[in-house]
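# with the input below, show me the fold.
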Amino acid sequence: MRATHFIPGAARRFVALALLGGAAAAAGAASGDGRIKLDQIGFLPGSDKVAVAPNVDGAGFAIVKAGSDTVVLRGTLGAPAVYAPSAETVRLAGFSELVAPGRYQLRVPGLPDSAPFTVGADAYQALNAAAIKAYYLNRAGIALPEKYAGVYARKAGHPDTHVLVHESAASPARPAGTVLSSPKGWYDAGDYNKYIVNSGITTYTLLASFEDFAAFHQAQNLNIPESGNGVPDILNEALWNLEWMLTMQDPADGGVYHKLTDKSFDGMVMPDQAVQQRYVVQKTTAAALDFAAVMATASRVLKPYDGQLHGMSAKMLAASKAAWQWARSHPAVYYRQPQDIRTGEYGDADVSDEFAWAAAELYISTGDDAFYKAMKAPSVPATVPSWSDVRGLAWMSLARHRKQLSPAADQALIAARIDGLAGELAKVWKQSAYGVTMQTADYVWGSSAVALNQAMMLVQGYRLNGKPEYLRAAQSGLDYVLGRNAVDTSFVTGYGVKSAQHPHHRPSVADGVAAPVPGFLVGGPQPGQQDKGDCRASYPSPLPAKSWLDDACSYASNEIAINWNAPLVYVSAAIQALTPPVPAK
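Model (predicted):
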C-alpha cells in the first residue's frame with residue numbers, strides 16, 4: 001500500500017474526448033446499477049464471453065448488431081445469485097457461441113443495451129500496446145516529443161544526474177552529501193519518485209511477458225525512440241528502467257538503495273516544474289533481493305541481444321550476484337522512513353519471499369544448484385503476486401523453465417504449486433455471481449491489479465497443463481478491469497466506452513489535455529477510502545466493489561502505478577496469444 005498525496009484544490013475535471021488508441025470515453029463513472037456489465041473492448045472469436053445482468057423477471061437475452069435491432073444470437077440468463085462485495089443480485093449471460101467478427105451489443109428486455117463491444121482477431125492488440133506505451137509516457141529524465149507522444153508531449157524532468165546520498169544511505173565510500181548520477185527509470189505512480197522494490201515486480205512481469213509470448217511482442221512497433229534498433233520494444237522499454245536500477249547499486253559493496261526521491265511529494269505539476277533536490281535513501285534487504293531477482297531474469301532474457309546491448313547480460317548477472325551476497329550478509333535491514341522523508345515507503349519486514357524469488361531466478365540463470373537449495377522450495381507456497389509478496393513469481397519462473405532445470409529441482413512440486421493455486425482461483429471463479437475471481441477480501445488498495453495478477457497465475461496453470469477452465473477464468477480477470485465490474489467502468493484510461501477519466505497522476509492533471517494519459521490501469525474499488533479527508537468529492541458507496549471515486553484527489557482508488565500496469569501487459573498478451581482459434585467449418 002502506498003499513497004501519493006493529493007494537493008487539495010489542485011484537481012480539475014476533464015471533458016470526455018476520444019482517446020489515443022481506444023474507444024470514445026464517457027465522462028464520469030456511474031454506479032452501474034441497472035446496467036449490463038461486460039468487457040467494453042470486446043473478445044477474440046475463441047474467447048469465453050460472459051456479461052453480468054441485473055436480476056430481471058425474464059430469462060432471455062439477445063446479441064444484436066451494435067446500434068440496430070438485428071439479432072444474431074439468443075440465449076438464456078443464468079440463475080440469480082448474490083455478489084457479496086457489491087450486494088447485488090445478478091444473472092450471467094454466456095454468449096461464447098458468438099464468433100463472427102463484428103460490433104455488437106447485449107440486450108435484455110427492460111434494461112438499457114450493453115456498451116458496444118467488438119469481436120475480432122486482434123481484440124487486445126491495441127490495448128496491450130497502449131499498456132506498454134504508458135511506461136514510455138511515464139519515463140523520467142527525457143523529453144517526450146510529439147513524434148512519439150502525440151498530444152501528451154512534454155518537456156524533460158528529473159535528469160537525476162545530481163542526486164545526493166541521504167544520511168540514511170551513507171557509507172564510508174559514499175558519505176552523506178555525495179553526488180551520484182542515477183538517470184532514466186519510470187516515475188513509479190502518480191508521483192515523480194522512483195522505487196526499487198516496486199520496480200522489481202514491475203520489470204520482471206514485463207520480462208516474463210516477453211519470455212512467454214516472444215512472437216507476439218516481437219511483432220510490435222510501439223513508436224518509441226528505440227523502435228527499430230533490433231531489440232523488441234517491450235525490452236527496449238524495460239531497459240529504460242533496468243539501466244536506472246543498475247545505478248542504484250553501490251559498487252563498493254553490492255547493496256542497493258531503496259528509492260530515489262524528493263523529500264516530499266510534488267504538487268500537481270508537470271515533471272519539468274518539479275525541481276526539489278533528489279536523494280537516494282537507505283540500502284535495504286528487500287531492495288537488494290528484488291534487484292537481484294530482476295537482474296538475474298534480465299540477464300537471460302537479454303542475452304540474445306548482447307550484440308546490440310554490448311554485453312549487458314553479463315553485467316546484469318554480476319550485479320545480481322553482488323546484490324544477493326549483500327542481502328545474505330544483511331538479511332534483516334528493513335526500510336525505516338527517515339524523519340525528513342515523506343514519500344512512499346514500500347516497507348516490508350518479511351523478506352523470506354524476496355529471498356526465495358531471488359534464489360529461484362539466480363538458479364535458473366546460472367544453473368547453480370546452491371541457489372535452488374537456498375530457495376527452500378518445500379517451504380514456499382505459491383501465492384498471487386504483489387509488490388510485498390513475490391513468492392508466485394519464483395514459481396512462475398521455475399514452471400516456465402522446468403524442462404531446462406537440473407535434477408535438483410523438484411518437478412512435481414513445481415507443478416503442484418502452480419496447479420494448486422490456479423485450481424483454487426478457478427474454484428472461486430466458478431462459484432462467483434459475477435463470474436470473476438475477485439472476492440470481498442481482494443478489494444484492497446490496487447484491487448484492479450489483484451484481479452489481473454490472479455489472472456496471470458491462472459495463465460501459468462493453463463500453460464502448464466492446458467486446462468481450458470484456467471484460460472476462461474483468466475479471461476474473466478481481463479473482462480473485470482475492462483468493464484465487467486460493479487461500477488460498470490473500464491479501469492484502463494482511454495479504453496472502453498466508459499473509462500476512468502480522472503486518475504491521480506500528475507501529468508494527466510497538469511498537462512492541459514482534456515483526456516488522461518491513455519493505457520494506465522487505475523487502482524480500482526476498495527473500502528478503505530484513505531483519501532476521504534483529502535477529497536471534496538464523495539465516494540458513491542462504502543461497499544467493497546463499489547468504493548471507487550473517479551477523481552484526481554483519490555490516491556486510494558484512482559491512482560496509477562507501474563506495478564499495476566504490468567499484469568495488464570502480461571494478461572492482455574496472454575489472452576491474445578493463447579486463446580485457441582475457432583475451428584474452421
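
# from now on I want contacts and neighbour counts done on CA atoms only, so please keep to that.
Noted.

# check contacts around the closest residue to residue 299 other than its chain neighbours.
Excluding its sequence neighbours, the residue lying closest to residue 299 (C-alpha to C-alpha, 6 or more residues apart in numbering) is residue 313, at 4.1 Å. For residue 313, the contacting residues are 298-300, 302-303, 306, by C-alpha atoms under 8 Å, 6 or more residues apart in numbering.

# tell me the secondary structure at residue 313.
helix (DSSP: H, G, I helix; E, B strand; the rest coil).

# quick check, pLDDT for it.
On pLDDT, residue 313 comes in at 98.

# same deal with residue 22?
31.

# show me where the stretch 251-400 of the chain has its helices.
Using DSSP state H, counting those that start in this stretch, the helices found in the stretch 251-400 of the chain span residues 285-302, 306-309, 312-329, 352-366, 369-375, 391-400.

# save those as a markdown table, and put in distance to residue 522 too.
Below are those laid out as a markdown table (distance: least, C-alpha to C-alpha, whole Å):
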| stretch | distance to residue 522 |
| --- | --- |
| helix 285-302 | 24 |
| helix 306-309 | 33 |
| helix 312-329 | 32 |
| helix 352-366 | 26 |
| helix 369-375 | 34 |
| helix 391-400 | 22 |
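
# can you tell which of these is closest to residue 231?
Residue 231 lies closest to helix 306-309 among the helices of the stretch 251-400 of the chain, at 7.5 Å (C-alpha to C-alpha).

# average pLDDT for the closest one?
On average, the pLDDT along helix 306-309 is 96.

# how about stretch 196-207?
The model assigns stretch 196-207 a mean pLDDT of 98.

# what of stretch 119-139?
pLDDT averaged over stretch 119-139 gives 98.

# return the set of buried residues in that stretch.
Using 16 or more other C-alpha atoms under 10 Å as the test for burial, stretch 119-139 gives 119-121, 123-139.

# what's in contact with the longest helix along the chain?
Determined from DSSP state H, the single longest helix within the chain is helix 411-431. Residues from elsewhere that reach helix 411-431 (C-alpha under 8 Å, 6+ apart): 378, 381-383, 395-396, 398-399, 402, 435-438, 454, 457-458, 460-461, 464, 469-470, 473.

# stretch 200-208: how far from the chain's middle?
The chain centre lies 9 Å from the centre of stretch 200-208; the measure is C-alpha atoms, centre = their mean, to the nearest Å.

# for residue 327, what are its contacts?
Going by C-alpha under 8 Å, 6+ apart, the list of residues near residue 327 reads 255, 285, 288-289.

# same deal with residue 195?
Residues in contact with residue 195 (C-alpha under 8 Å, 6+ apart) are 188, 258-261, 346.

# beta partners of it?
Beta-bridge pairing for residue 195 (DSSP bridges): residue 259.

# any of the contacts of residue 327 buried? List them.
Counted by 16+ other C-alpha under 10 Å, the contacts of residue 327 give 255, 285, 288-289 as buried.

# rewinding a little: can you tell me which of the contacts of helix 411-431 are buried?
So, by 16+ other C-alpha under 10 Å, the buried ones in these are 381-383, 395-396, 398-399, 402, 435-438, 454, 457-458, 460-461, 464, 469-470, 473.

# in the helix or strand bottoming out on mean pLDDT in the chain, what counts as buried?
Ranked by mean pLDDT, DSSP states H and E, the weakest helix or strand in the chain is helix 306-309, scoring a mean of 96. Buried residues in helix 306-309, counting neighbours by 16+ other C-alpha under 10 Å, are absent.

# next one: stretch 165-181
Buried-residue list, stretch 165-181, by 16+ other C-alpha under 10 Å: 165-171, 174, 176, 178-180.

# from residue 190, how far off is residue 506?
6 Å (C-alpha to C-alpha, to the nearest Å).

# domain assignment for the chain?
42-123, 125-482 (automatic domain parsing).

# deepest of those, which one?
domain 125-482 (a mean of 21; mean count of other C-alpha atoms under 10 Å).

# what sits closest to residue 283 if chain neighbours are left out?
Using C-alpha to C-alpha, 6+ apart, the closest residue to residue 283 is residue 257 (4.1 Å).

# I figured the one you found was touching residue 279, is that so?
No. Counting by C-alpha atoms under 8 Å, residue 257 does not reach residue 279; the two are 9.9 Å apart.

# list the residues that contact residue 62.
Taking C-alpha under 8 Å, 6+ apart, we find residue 62 in contact with 71-75, 106-108.

# pLDDT weak spots in the protein?
By pLDDT under 70, the weakly predicted segments of the chain are 1-32.

# quick revisit: closest to residue 569 among the contacts of residue 195?
Comparing these against residue 569 with C-alpha to C-alpha places residue 188 closest, at 16.2 Å.

# tell me the buried residues in stretch 566-579?
Quick answer for stretch 566-579 (16+ other C-alpha under 10 Å): 566-577, 579.

# can you get me the start-to-end distance on stretch 459-472?
So stretch 459-472: terminal residues 9 Å apart, C-alpha to C-alpha.

# same question, stretch 150-159
Stretch 150-159: ends 22 Å apart by C-alpha to C-alpha.

# same check, this time on stretch 509-516
8 Å.

# could I get the phi/psi values of the nearest residue to residue 143 once chain neighbours are set aside?
Nearest-residue entry for residue 143: residue 156, 3.8 Å, with adjacent residues in sequence omitted and distances by C-alpha to C-alpha, 6+ apart. With angles defined as degrees, to the nearest 10, residue 156 sits at phi -70, psi 150.

# surely residue 156 is in contact with residue 270?
No. The criterion here is C-alpha under 8 Å, and residue 156 misses it with residue 270 at 9.3 Å.

# so who does residue 382 touch?
So residue 382 contacts 391-392, 395, 417-418, 421 (C-alpha under 8 Å, 6+ apart).

# also residue 439?
Counting by C-alpha under 8 Å, 6+ apart, residue 439 has contacts residue 85.

# please tell me how far it sits from residue 433.
Relative to residue 433, and taking C-alpha to C-alpha, residue 439 is found at 10 Å.

# now swap in residue 185 and tell me
The value you get for residue 185 to residue 433, if C-alpha to C-alpha is used, is 41 Å.

# same check, this time on residue 181
Applying C-alpha to C-alpha to residue 181 and residue 433 gives a distance of 52 Å.

# same thing with residue 52?
8 Å.

# so the residue lying closest to residue 185 once chain neighbours are set aside is in which element?
Spatial nearest neighbour of residue 185, chain neighbours left out: residue 241 (4.0 Å); criterion: C-alpha to C-alpha, 6+ apart. If you go by DSSP states H and E, residue 241 is part of helix 233-247.

# would CSV of the domains of the chain with distance to residue 492 be doable?
As requested, these are exported to CSV (distance: least, C-alpha to C-alpha, whole Å):
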stretch, distance to residue 492
domain 42-123, 14
domain 125-482, 7
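
# among the helices of the stretch 251-400 of the chain, which is nearest residue 212?
Evaluated with C-alpha to C-alpha, these place helix 391-400 nearest to residue 212, the distance being 7.7 Å.
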